[in-house]
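In: 3D model of this:
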Amino acid sequence: MRIDNPYFRIACVLLFLAGATASVYSQPAAANQNEEGIALRDLVRISGIRTNQLIGYGLVVGLAGTGDSRTRLASESVTNLLGGLGQNLESPGLNARNIAAVLVTAEVPPFARPGDRINVTVSSIGDARSLRGGVLIQTPLHAGNNTIYAVAQGAVTTGAGGPGSRAHIQDTVGLVLNGATMEREVAGASSTASGDDPPRPRVRVSLRDFDFSTLQAVRERLTAELSDSEVSVDGGSILITLPEDADPVAYIARLESIRVVPVRPARIVINERTGTIVMGGDVRVAPVAVSRGGLELIVTGNLTDPRMGIHVPVGSGEPEPVMQELSGSSVQEIIQGLNAMGLRVRDVIAILEALRDAGALHAELIVN
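Out: Below you'll find the predicted structure:
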C-alpha cells in the first residue's frame, strides 16, 4: 500500500489515537502500582471488627468401634441425652464403643448474622482412637460469657485415609464443614458516637505492631488525607471523627486505602531448623570482638583499621591472614562474610547471640 494513500493515513491516525487512549487509561494503574507505602488496612485494625471464639461439649456417634472404651464420660452423656428424649437407660448397662466425647470449637467471623453457617472443629477428649465416619449430635456453642451463640451438628470429616494410610493415626480431630448455625448476633461495633450535638460516628484504629514513629506517621497521613474529619491520638490508637451525614462504609473503605510508609523495627528472626535468617529495618552493630571455637571476629566498622582480620606468624615470619576481613557497619555484611567463610548456621546464630548479649547488636533477636 502506498504511503500517500488516504486510507493508509486514516488507519495510522486511528492507531495513534488508540495508543494514546490506552496510555491515558493505563496511567492511573501504573501510578497506583508505584505508590509508596503500605495500605492502611494492612497496618491497623479497626476496633470492633474482629472474630469471636465459641466452645461447647458434645458427642460424636456412629463410630466403628473406635470411640471411648475406658472413660465413662461419653456413656454418661449419652444416658443423660437419651433421658431427655424420653428413654429410660441406665448408665452401667451402656458399653458402646461407637461414641466419643469431644470438645467443639468455632471462630465466628465479624458481622455474622443469625442463620449464617460456620465451620467447627471437633477434638476428642477421651481415649477414642478415631473420629472418622462419626456424626456430631446437636451441640450448643457459647462464648466466654456463657451465652449460647450457635448450635453445631453434622458429619465429621477428619481427612484421614484408610487403615493403611499414615494419616489414619492422626484422626482424633475432625472438621464439620458449615456445621454450626448462628442463633444470635455477636455484639460488636466498628464506630462509636462523639460528644457533639448531634453526635457524629467515630472510628478507632490501632496498629497491629505498635510503634510510636509509625503511629505518628499514620496520624500525619490521616490528617492530610482526611481534611473533613477530626483525627486525634488516644493512647496507642487513633480516633477518627467522621463528618456529618458521612456513609461509614464508604468512609472506612476510603480510610483503608490510604497508604503510609511505616517505620520498620530493627529485628532479626532466625529459624534454626531451616537455617533461615531474616533481617528487618536498620540493624547495626557496635564495635565488638567475638571469639567462638577458634573463630575470632573483630567488628570495627572500618576495613582499613589494622585490627580487622586475625593474623598469626608462620614459618617465614610473614603474617598470614586466617580470617576474611569483614565490615562491621551492618549485620547483613557480617552474615555475608561469615557465609563466605563456610560457617554453619549454628555458628552464625551463636555469634549473633553473643553480639546481642554483649550489647553490640542493636536489634531484637528472635530464634525459633
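
In: C-alpha only now, for contacts and for neighbours.
Out: OK.

In: Contact partners for the closest residue to residue 366 other than its chain neighbours?
Out: Nearest residue to residue 366 in three dimensions, chain neighbours excluded: residue 269, at 4.7 Å (CA to CA, 6 or more residues apart in numbering). Each residue near residue 269 by CA atoms under 8 Å, 6 or more residues apart in numbering is listed here: 277, 278, 279, 365, 366, 367, 368.

In: What of residue 132?
Out: Counting by CA under 8 Å, 6+ apart, residue 132 has contacts 63, 156, 157, 158, 160, 171, 172, 174.

In: residue contacts, the first one?
Out: Taking CA under 8 Å, 6+ apart as the definition of contact, the neighbours of residue 63 are 97, 98, 99, 130, 131, 132, 133, 134.

In: circling back: which SSE is the residue nearest to residue 366 in?
Out: Taking DSSP states H and E as the criterion, residue 269 maps to strand 267-271.

In: mind listing what's buried in that strand?
Out: Buried residues in strand 267-271, counting neighbours by 16 or more other CA atoms under 10 Å, are found at 267, 268, 270.

In: if we can go back for a sec, now flag whichever of the contacts of residue 269 is closest to residue 108.
Out: Among the contacts of residue 269, residue 368 lies closest to residue 108 (CA to CA), at 30.1 Å.

In: now the closest one: how far from residue 331?
Out: Note on residue 368: its distance to residue 331, by CA to CA, to the nearest Å, is 19 Å.

In: Ok, residue 254 next?
Out: 39 Å.

In: who's more crowded, those two?
Out: residue 331 (20 against 13; other CA atoms under 10 Å).

In: pretty sure the more buried one is touching residue 286, no?
Out: No - under the contact definition of CA atoms under 8 Å, residue 331 does not touch residue 286, with a separation of 10.1 Å.

In: circling back: could I get the contacts of residue 63 as TSV with secondary structure and pLDDT?
Out: Below are those laid out as TSV (DSSP: H, G, I helix; E, B strand; the rest coil; pLDDT from 0 to 100):
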residue	secondary structure	pLDDT
97	coil	82
98	coil	85
99	strand	88
130	coil	90
131	coil	91
132	coil	90
133	coil	89
134	coil	92
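
In: Out of those, grab the one that's most surrounded.
Out: Going by other CA under 10 Å, residue 131 tops the contacts of residue 63 with 32 neighbours.

In: Look at the closest residue to that residue other than its chain neighbours and say how many residues are nearby.
Out: What sits nearest to residue 131 in space, not counting adjacent residues and going by CA to CA, 6+ apart, is residue 172, at 5.4 Å. Neighbourhood size, residue 172 [other CA under 10 Å]: 23.

In: Might you report the residue contacts of residue 172?
Out: Here residue 172 is in contact with 123, 124, 128, 129, 130, 131, 132, 158 (CA under 8 Å, 6+ apart).

In: And those, which two are furthest apart?
Out: Among the contacts of residue 172, 128 and 158 lie farthest apart (CA to CA), at 13.5 Å.

In: So what's the residue count around residue 185?
Out: If you count neighbours by other CA under 10 Å, residue 185 ends up with 16.

In: low-confidence ranges in this structure?
Out: 1-35, 89-95, 160-170, 188-197, 281, 289-330, 333, 336-342 (pLDDT under 70).

In: hey, where'd the helices end up in it?
Out: 6-34, 73-84, 212-225, 248-256, 331-340, 345-357 (DSSP state H).

In: The last one: which residues count as buried?
Out: With burial defined by 16+ other CA under 10 Å, the residues of helix 345-357 counted as buried are 345, 348, 349, 351, 352, 353, 354, 355, 356.

In: got it, and the shortest one?
Out: Judged by neighbour count using 16+ other CA under 10 Å, the buried positions of helix 248-256 are 248, 255, 256.

In: what's in contact with that helix?
Out: 39, 40, 41, 201, 222, 242.

In: Mind putting those residues into TSV with distance to residue 185 and neighbour count?
Out: Output for the contacts of helix 248-256, formatted as TSV (distance: CA to CA, whole Å; neighbours: other CA atoms under 10 Å):
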residue	distance to residue 185	neighbour count
39	30	16
40	28	21
41	25	17
201	21	21
222	32	22
242	26	23
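
In: Right, I'll call it a day here.
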